[in-house]
Each structure stands twice: as C-alpha cells, then as structure tokens.
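Peer 1: return atomic coordinates for the entry below.
(one chain, ligands or ions: 1)
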Amino acid sequence: MNLLPSGTCFYLSVVICWLTSRVDGSLWYMGTLGSQVMCDNIPGLVNKQRQLCRQHPNIMQAIGAGIKDWIGECQHQFQNHRWNCNTIERDHNVFGRLLLRSSREAAFVYAISSAGVVHTLTRACSQGELQSCSCDPTKKGSSRDAKGAFDWGGCSDHVEHAMRFSQAFVDAKERKERDARALMNLHNNRAGRKAVKRLMSLECKCHGVSGSCSVRTCWLALADFRRTGDHLRRRYNGAVQVVMNQYGTGFTTAQRHLKRPSKNDLVYFEDSPDYCIRDQESGSVGTGGRVCNRTSRGMDSCEVMCCGRGYDTSHISRNTKCECKFHWCCAVHCRDCKLDVDVHTCKAQT
Ligand SMILES: *[C@@H]1O[C@H](CO)[C@@H](O)[C@H](O)[C@H]1NC(C)=O
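Peer 2: Residues are numbered from 1 along each chain as shown. The predicted structure follows:
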C-alpha cells in the first residue's frame, strides 16, 4: 500500500520530508492504519529514523504539527526579501530545489527547522502531551542565581530531552551520508538547537511579606519562538562561507582572513543566486508579482525587489475607520472611510 507519492527526500532535511507527508494527509492515516504503515511510507527516511518514528508516533505527530510554526517564522524573518522562504505546494519537497544548493538560505532553513523541532517538542513535554517526557525533573529543590537563593517550582521546560530526541532523529540521515553537505547540515542543525537552549531564561515569582521577594520560586522557560527566529536571522546575516579542510573532517573559512566559524554560527559552501528570476535549477521562484515599497531604501524597495525590471502600480481602496471621536462617557464613534492606496508589484521577467 503506497499512501504517499514516492517523492525523494534524499538530499533534504528530514523535517521537510515529514511536511510532505503531512501535506499528503498521512497524519490522518496514522490514526487509522497505525504508525507502522505511516512510518514505512514516508519517503526518504533512513532506517534509524523509521525505527524512531515507529517507537514514538506521538512525538512524530507533535513535530508535524509544529512545522507550520517554524515555516511561518522563516517567512516572517524574510518577508521583505527577494527570497521569502516561500514554500511550493504540490512539490514533493516544500522548498523546491532550493535546498539542493549549499547556500546561506539552505543553512538558515536547516537551522530554523531543527530549532523548531526542539521548541515544539519541549512545549509538548511541558504541556503533558507526550507520555515520554514532562517538566525537567532535575529542576528540584533550591538553587541560586545572581539575585540569591530560590526554590525551583512550577514546570521547567525540559529542553534537554527535546534536544536529544531531535538530534537523534534529525541528524540520523546526515550521519549516514558523511559527505561535505552532510557536515554542513549537521553544523547548522546543531546551531539551531543550541539557539533554543541559549535563549531560555529563568522566570520567577516573588513571595514573602507584602511582595518583599524574600522568597522566590523560579522555573526555566523557553523564549518565544520569535526570539529564536530573530537570533538565527542575525546568524544568517553573519553566516560564514566555508570549505572542507584538507582531511575532510571539518571546515575552514573560504577566505583566509575571516574568523573560523563557531558552533553557533551558520555555515554554507555556495554563493546564493540573486533570486531575481524564476530558475528551476537554483530553486528561485523570482520576484515577479511581489509587492514592493516605493519609498523604502531597503531590501523591500522596488529597485532592489524588482531587480531593475520595474513595477506595476494598482490603486486599491481599503475600508478603514476614521474621524474617530470620543464621546463622554465612554464611547468612541468612527466613520467608515475609503482609503485609496497604491500597491506596487514587480514586473515579471520578459
Ligand atoms: C515603506 O517604507 C517606508 C520607509 O522605510 C516606511 O516608512 C513605510 O511604512 C513602508 N510602507 C509600507 C506599506 O510598508
């Protein structure tokens, strides 16, 4: 029985393959046909991953449900850019051929997807959605921070557990291949996971006489995923172009005078296409039809976004509230107004 079209995910991050199967509705099959059948029919999984998938169908389901969150974050971070983390529906792999190239963008997608998996699983553990994990059991008793002693209380997010699982699952494929690209993926996957952990913070509640805060109860909490997105976006800006070292065991920088990448940096091999025109080979969909900003001087300006091809302007009227007045007491009355705005969209290549 073949539930999924036999797309190949061979070159792609596992998480991407998983999304493919979600798009095809396999989560629905999971309930009715069991995890055995489902896990056997996700194309591109290596044996180790199939095993983990069968053993932990609930975790798989949680990872699947979290995919829209990290893709949404990726699209938020790049909304004003020529490459906007667009996904291609009806394609076996949702980013098209983009990830085949070892570019800075591929590095970002790997990092944010593995960060997304860690974030999703940690949340699911804390919310009691998975049998295999819950709050961090090591955060018990008392401890100290810069402000003094405190008692552990509440639910500390158990990020270690999520990191272990996602490392085992997401990295399994790369560990099998062991070529240059696999090393790049492993590095960026790890940078993504570490970002989630680094951004955790201690949250506390004060007790004691009239809020004197002489007694504190604290727990370790995940940051909002937006902060992970912002962090990885900065890492994308500072991503380091690398080449394999002469032993094939690690990286050195492509330009000798640059600093060696740390474990937290994103690394990539190949220069990016300019993403101006549709190009199957590089996975660029082009910027034809994208909205641009005529007054901006940044990446979303019509000049940059449209790559010099020019743009079309259309007049659109939007309904808004206007002339709002405050009436004593207490109501605000507005009129409905039509606001005419110009929307500029890039011309497609001819
Ligand atoms: C266009 O860019 C300008 C300058 O950066 C900014 O003030 C304005 O809000 C932008 N307009 C839109 C519609 O985003």
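
Peer 1: does the residue in the stretch 51-200 of the chain positioned nearest to the ligand sit in a helix, a strand or a coil?
Peer 2: Per Cβ to the nearest ligand atom, Asn80 is where the stretch 51-200 of the chain lies closest to the ligand, at 8.4 Å. No exception for glycine: its C-beta is placed from N, CA and C like everyone else's. With DSSP: H, G, I helix; E, B strand; the rest coil as the basis, Asn80 sits in coil.

Peer 1: contacting residues around Asp151?
Peer 2: Neighbouring residues of Asp151 by Cβ atoms under 8 Å, 6 or more residues apart in numbering: Gly141, Ser142, Val215, Arg216, Thr217, Cys218.

Peer 1: quick one, which of those are buried?
Peer 2: Arg216, Cys218 (16 or more other Cβ atoms under 10 Å).

Peer 1: and which of the contacts of Asp151 is nearest Phe95?
Peer 2: Using Cβ to Cβ, Cys218 is the member of the contacts of Asp151 that sits closest to Phe95, with 39.9 Å.

Peer 1: for the closest one, give me phi and psi.
Peer 2: Backbone torsions of Cys218, given as degrees, to the nearest 10, read phi -130, psi 160.

Peer 1: run through the bridge partners of it.
Peer 2: Counting by DSSP bridges, Cys218 forms beta bridges with Trp152, Cys204.

Peer 1: flag the shaky bits of the chain, pLDDT-wise.
Peer 2: In the predicted model of the chain, residues 1-38, 41-44, 88-94, 96 satisfy pLDDT under 70.

Peer 1: domain assignment for it?
Peer 2: 14-285, 291-346 (automatic domain parsing).

Peer 1: my read: the residue of the stretch 51-200 of the chain closest to the ligand touches Cys302, true?
Peer 2: No. With contact defined as Cβ atoms under 8 Å, Asn80 does not reach Cys302; the gap is 12.0 Å.

Peer 1: need the overlap of contacts for those two.
Peer 2: Residues touching both Asn80 and Cys302 by Cβ under 8 Å, 6+ apart: Asn293.

Peer 1: more neighbours: those two, which one.
Peer 2: With other Cβ atoms under 10 Å as the criterion, Asn80 and Cys302 differ in neighbour count, and Cys302 comes out ahead with 22 against 17.

Peer 1: please look at that one and His344 and confirm they touch.
Peer 2: Yes. Assessed by Cβ under 8 Å, Cys302 is found in contact with His344 at 5.6 Å.

Peer 1: now do the shared contacts for the two.
Peer 2: Cys292, Asn293, Arg294, Tyr311.

Peer 1: rebuild these as JSON lines, extending it with secondary structure.
Peer 2: JSON lines is the format used below for these (three-state DSSP):
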{"residue": "Cys292", "secondary structure": "strand"}
{"residue": "Asn293", "secondary structure": "strand"}
{"residue": "Arg294", "secondary structure": "coil"}
{"residue": "Tyr311", "secondary structure": "strand"}
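
Peer 1: could I have the buried ones of those residues as ChimeraX selection syntax?
Peer 2: Those of the shared contacts of Cys302 and His344 that count as buried under 16+ other Cβ under 10 Å are selected in ChimeraX with:
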select :292,311
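
Peer 1: near the ligand, which of the shared contacts of Cys302 and His344 show up?
Peer 2: The residues of the shared contacts of Cys302 and His344 that also fall near the ligand, by Cβ under 6 Å from any ligand atom, are Asn293.

Peer 1: just the shared contacts of Cys302 and His344 now: which is nearest the ligand?
Peer 2: Proximity of the shared contacts of Cys302 and His344 to the ligand (Cβ to the nearest ligand atom) peaks at Asn293, which lies at 3.7 Å.

Peer 1: what about the closest one, distance to Asn185?
Peer 2: 35 Å (Cβ to Cβ, to the nearest Å).

Peer 1: and Gln49, by the same measure?
Peer 2: Distance from Gln49 to Asn185, by Cβ to Cβ: 14 Å.

Peer 1: the more surrounded of those two?
Peer 2: For Gln49 and Asn185, the more surrounded residue by other Cβ under 10 Å is Asn185, and the numbers stand at 28 against 23.
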